[in-house]
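Participant: Pasting a predicted model and its sequence here:
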There are 2 protein chains.
Amino acid sequence: MAQTYVSLKDVAARAGVSFQTASKVLNGNRKVVSEATRERILAAAEELGYLRNALAHGLVTSSTYTVGVIGDDLGDWVLAQFVVGAEQAARRRGHSVLISTTHRDGTDFEGCVRQLLERRVDGILAAAPRSENDPGIGDLLRGRVPAVSIHHVPGGSVPVVGSDHAETGRLAAEHLLGLGHRRIATIVGPEERRVTRSRLRGFRAALDEAGAALPDSRLVRADWTAAGGFTAMGDLIARDPTVTAVFAQNDDMATGALAALWHVGRRVPDDCAVVGCDDLPQAPFLVPPLTSVHIPFRETGEMAMALLLDRIDDNEHADRVLMPVRLIPRASTLGRAATLDRTTPIGRSSTLDQATILDQATTDSADPAGASPENEKERGSPGGKDHASRKRSGTRARTVPGPRAGRKPGAHPQE
Amino acid sequence: MAQTYVSLKDVAARAGVSFQTASKVLNGNRKVVSEATRERILAAAEELGYLRNALAHGLVTSSTYTVGVIGDDLGDWVLAQFVVGAEQAARRRGHSVLISTTHRDGTDFEGCVRQLLERRVDGILAAAPRSENDPGIGDLLRGRVPAVSIHHVPGGSVPVVGSDHAETGRLAAEHLLGLGHRRIATIVGPEERRVTRSRLRGFRAALDEAGAALPDSRLVRADWTAAGGFTAMGDLIARDPTVTAVFAQNDDMATGALAALWHVGRRVPDDCAVVGCDDLPQAPFLVPPLTSVHIPFRETGEMAMALLLDRIDDNEHADRVLMPVRLIPRASTLGRAATLDRTTPIGRSSTLDQATILDQATTDSADPAGASPENEKERGSPGGKDHASRKRSGTRARTVPGPRAGRKPGAHPQE
DNA sequence: TCTGATGAGGCGAACGTTCGCCTAACCGAC
DNA sequence: GTCGGTTAGGCGAACGTTCGCCTCATCAGA
């Protein structure tokens, strides 16, 4: 083939002007050229199929309208949701997304950053929670371009968008306590992960307050997978057969727990209730349908990207945002009476428009006072009232203003 | 801040050479510079934190080492797997991935292409099955850069990597027939989708051959979702309560079907057996564990990217690749006796090294003769022998050589 | 007729590379 | 002492843009 791309010069030649003039027109620089030549240039560009060379453009303007996303394995549905949300938010604001995934072993974060910086991305969004304890990534992310993360970054000064993990644990505990359970166990994630510790903290605190403290025998550790949850549930039953309820820190482990209970012939929830966390799309269709704490992953990704673009544009931006979580009660705790509710809002409709600014909050040790009201759809829950006593902005994102803060972040995604 | 990036000139200045010389050294152009200055330049680059500007590099070499991936919503786990596989394959060969997702309505494919071409990607990988019937995308993809697709592209001349859908339907049918079922139903995807029709074709053919033809009353259509499968299963039971087995064309719909059966109190598989398709990670942990046809999504993505990079490098490449599928029998057809097999190969270990070249095959009307032997792990299946009678390369990828073919595609991913 | 806007578009430079060719110095051989 | 060859590195051009400034008409007002 001849040449794949036509340049500004080609367009200009066909229109009989200098290429700089063509540049002006094609950049929408209106009032500097007569209407007639303008038309001519536009027509020439159209006929020739001109596509601006973003490389050259970026070279001279030193901005690429491209942001980098560093993710752990996107085969993980949860992480993929973040990225999807982020990509869409970026696209709405005219940016492309360059993705770069870390190796399975969780290292190579530096390689990803390097790859992105060489391509001169305008900013970096980190979604690689496996690296959260790597002290090096803080410096990498504080480096040459703006960054935002959806997980903890050592050393601070990188805005974080996440959800209130302690609140999540608390919601699960209060739901089970409200149903009358006292011997409650939990299947947690790997110890080194912050989310594990935060969810456990909220969970334990609620149990303590209710005088139903969590003994070590009822805490079992797994690896986020269904297989891990399966094994963990087996161990749990062996260790303490009197347990009547269990909170798994994610839905995959909860799925494994349901399977384990089925295999040993225990009925859910009559013999043992199960609460998950994440509210995966299939949660309403598990057997039995799984009660779970809904985490707005996609919206978190959108919010994080919105924040990043605000930083890039040098707009005011929040320094920390907490997305709202809520418990969705289903049959795995309420029992078969709670028929599959096909109207349950399991869709991931945006909650960004509810974003509002609060004074103080931190992702990991989020203000432990207060719990959001239980989901109003809950019904048929014996004693399901008393744990909905305290209130807070349970359905709103909470943010901490950044240096230039004041305006609502996440306004753009609504455009 | 001062300047974020240092240029070749900065490095050269510090090392006391011209920037062109620095360029030579930094590109590994060894034997052209004395060892001493070489060291000096390398040291300067290191100290200054030099990162080559890929924009300028791409501008002059007209190749960006970046490929574009166009995907429908990556929130779909299946599609995300493709992309993950593709990204890893790209990364192994030194390319970055620019991702671009189509709008929810499935349009805007053109916008994605444009966005990628402006950034001068070296090639495009299409993973947007919703656009498979859009006649325009063929021309877009045949346009300026090499392209590969994981779904049908109108007009041809774009290599396609996929799996043998007809074989998939056949495997499901033969498994159920082998278990003695005769009144078998199916829940299929949207009619306009090719995969729906191909899977149905293979399924129907196997039933016909066994003299257990599929009446319209046992064919019900859904939308790939668990909710859709739930509703469809309800309709099915209402229409024909004598059905003893059902094949859902994907695992999400199968999950919904399991839920529906549970809700109306039918036991699986005693009252109704269920076979899914995709073999999602949670399939072994559903209640009961779901028999499913495993599709190697990740490997498909890897293979597709390998093919694309081969095209870009102007290597020989196949024109069409079919990845192997296999049925994984579990309790939803075999019964509770088949305890959860935690050694079942549910992992997605690469099958690429098994790739081999055959003479002729097409994705959609794949040679209907022959079926792969049932998975050898199957046991306890009454009459599970007779449908393993015919044989073929059931676990190998089948490819059709492209114009320059002859060499094994997919060799690179093994590097 | 001169002056000074104003409108239309040209022109040079710069962005940070790569690439091929050129030059200068040195060295050994005749 | 000249020649040819090698080694080390310089130099100009090109890639496709954007940006600011310059030039040249044209035209109205004095």
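Facilitator: It's in.
Participant: which stretches of chain A form helices?
Facilitator: For chain A, the helices defined by DSSP state H occupy A:8-15, A:19-26, A:35-48, A:54-61, A:77-92, A:109-118, A:135-141, A:165-178, A:194-209, A:226-239, A:251-263, A:297-312, A:331-334.
Participant: Relative to A:Gln282, which of those is closest?
Facilitator: Closest of those to A:Gln282 is helix A:251-263, at 8.1 Å (criterion: Cβ to Cβ). For the C-beta atoms, the positions are set from N, CA and C on the backbone; glycine is no exception.
Participant: Alpha carbons only: can I get that closest one in CSV?
Facilitator: The C-alpha trace of helix A:251-263 is given here as CSV (Å, rounded to 0.1, in the frame of the first residue of the first chain):
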residue,chain,number,x,y,z
ASP,A,251,-18.9,-13.2,47.6
ASP,A,252,-16.6,-15.8,46.1
MET,A,253,-15.7,-17.1,49.5
ALA,A,254,-19.3,-17.0,50.5
THR,A,255,-20.1,-19.0,47.4
GLY,A,256,-17.6,-21.6,48.5
ALA,A,257,-19.1,-21.6,52.0
LEU,A,258,-22.6,-22.2,50.6
ALA,A,259,-21.2,-25.1,48.6
ALA,A,260,-19.5,-26.6,51.6
LEU,A,261,-22.7,-26.3,53.7
TRP,A,262,-24.6,-28.0,50.9
HIS,A,263,-22.0,-30.8,50.7
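Participant: Kindly spell out which helices and strands sit in contact with it.
Facilitator: Judged by 3 or more Cβ pairs under 8 Å, 6 or more residues apart in numbering or on different chains; DSSP states H and E, helix A:251-263 is in contact with strand A:184-188, helix A:226-239, strand A:245-248, strand A:273-278.
Participant: what angle sits between that helix and helix A:77-92?
Facilitator: 150 degrees (axes from the mean of the first three to the mean of the last three Cα atoms, to 10 degrees).
Participant: In contact with A:Ile41: list those residues for me.
Facilitator: A:Val11, A:Ala12, A:Ala15, A:Val17, A:Thr21, A:Ala22, A:Val25, A:Leu26, A:Val33 (Cβ atoms under 8 Å, 6 or more residues apart in numbering or on different chains).
Participant: what's the answer for A:Ala205, then?
Facilitator: Applying Cβ under 8 Å, 6+ apart, the residues near A:Ala205 are A:Ala166, A:Gly169, A:Arg170, A:Ala173, A:Pro368.
Participant: Quick one, which of the residues you listed are buried?
Facilitator: Buried members of those, counted by 16 or more other Cβ atoms under 10 Å in any protein chain shown: A:Ala166, A:Gly169, A:Arg170, A:Ala173.
Participant: Hmm, the last one is touching A:Ala206, no?
Facilitator: Read it as A:Ala173. Yes. Counting by Cβ atoms under 8 Å, A:Ala206 is a contact partner of A:Ala173 at 3.5 Å.
Participant: what's the weakest-modelled helix or strand in chain A?
Facilitator: When the helices and strands of chain A are scored by mean pLDDT, DSSP states H and E, strand A:356-357 comes last with a mean of 21.
Participant: what's the spacing between A:Gln81 and B:Ile41?
Facilitator: As for A:Gln81, its distance to B:Ile41 is 45 Å (criterion: Cβ to Cβ, to the nearest Å).
Participant: That should have said A:Ala226, apologies.
Facilitator: 53 Å.
Participant: And for A:Glu118?
Facilitator: Applying Cβ to Cβ, the value for A:Glu118 to B:Ile41 is 18 Å.
Participant: Same question for A:Gly228.
Facilitator: Relative to B:Ile41, A:Gly228 is positioned 50 Å away (Cβ to Cβ).
Participant: just A:Ala254 next, same as before
Facilitator: Going from A:Ala254 to B:Ile41 by Cβ to Cβ gives 57 Å.
Participant: Keep the contacts of A:Ile41, but drop any that are not near DNA strand D.
Facilitator: Restricting these to those near DNA strand D by Cβ under 7 Å from any atom of the strand leaves A:Leu26.
Participant: Adding pLDDT, write the contacts of A:Ile41 out as a markdown table.
Facilitator: As requested, those are exported to a markdown table (pLDDT from 0 to 100):
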| residue | pLDDT |
| --- | --- |
| A:Val11 | 93 |
| A:Ala12 | 92 |
| A:Ala15 | 90 |
| A:Val17 | 91 |
| A:Thr21 | 92 |
| A:Ala22 | 92 |
| A:Val25 | 91 |
| A:Leu26 | 90 |
| A:Val33 | 83 |
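Participant: what's the most distant pair in the contacts of A:Ile41?
Facilitator: Maximum pairwise distance in those, criterion Cβ to Cβ, is 13.5 Å, between A:Val11 and A:Val33.
Participant: more crowded one of the two?
Facilitator: Between A:Val11 and A:Val33, A:Val11 has the larger neighbour count (other Cβ atoms under 10 Å in any protein chain shown), namely 26 against 17.
Participant: residues in contact with that one?
Facilitator: A:Phe19, A:Ala22, A:Leu26, A:Ile41, A:Ala44, A:Ala45, A:Leu48, A:Tyr50.
Participant: Same check on A:Arg40?
Facilitator: Contacts for A:Arg40 were tallied using Cβ under 8 Å, 6+ apart; they are A:Ala15, A:Gly16, A:Val17.
Participant: Now do it, the pLDDT please.
Facilitator: pLDDT recorded at A:Arg40 is 91.
Participant: so how far is A:Ala13 from it?
Facilitator: Look at A:Arg40 and A:Ala13: by Cβ to Cβ, they are 12 Å apart.
Participant: again with A:Leu117
Facilitator: Distance, A:Leu117 to A:Ala13, by Cβ to Cβ: 37 Å.
Participant: higher neighbour count, these two?
Facilitator: Between A:Leu117 and A:Ala13, counted using other Cβ under 10 Å, A:Leu117 has the larger neighbour count: 22 against 16.
Participant: wait, what's in contact with the closest residue to the more buried one other than its chain neighbours?
Facilitator: With sequence-adjacent residues excluded and distances taken as Cβ to Cβ, 6 or more residues apart in numbering or on different chains, A:Leu117 is closest to B:Leu51, at 5.2 Å. By Cβ under 8 Å, 6+ apart, the contact set of B:Leu51 is A:Arg114, A:Leu117, A:Glu118, B:Tyr5, B:Val6.
Participant: at 10 Å what do you get?
Facilitator: Neighbour list for B:Leu51: A:113-120, A:144, B:4-7, B:45 [criterion: Cβ atoms under 10 Å, 6 or more residues apart in numbering or on different chains].
Participant: Show me just the buried residues among those.
Facilitator: A:Val113, A:Gln115, A:Leu116, A:Leu117, A:Glu118, A:Arg119, A:Arg120, A:Arg144, B:Tyr5, B:Val6, B:Ser7, B:Ala45.
Participant: For DNA strand C, state which of those residues is nearest.
Facilitator: B:Ser7 (3.8 Å; Cβ to the nearest atom of the strand).
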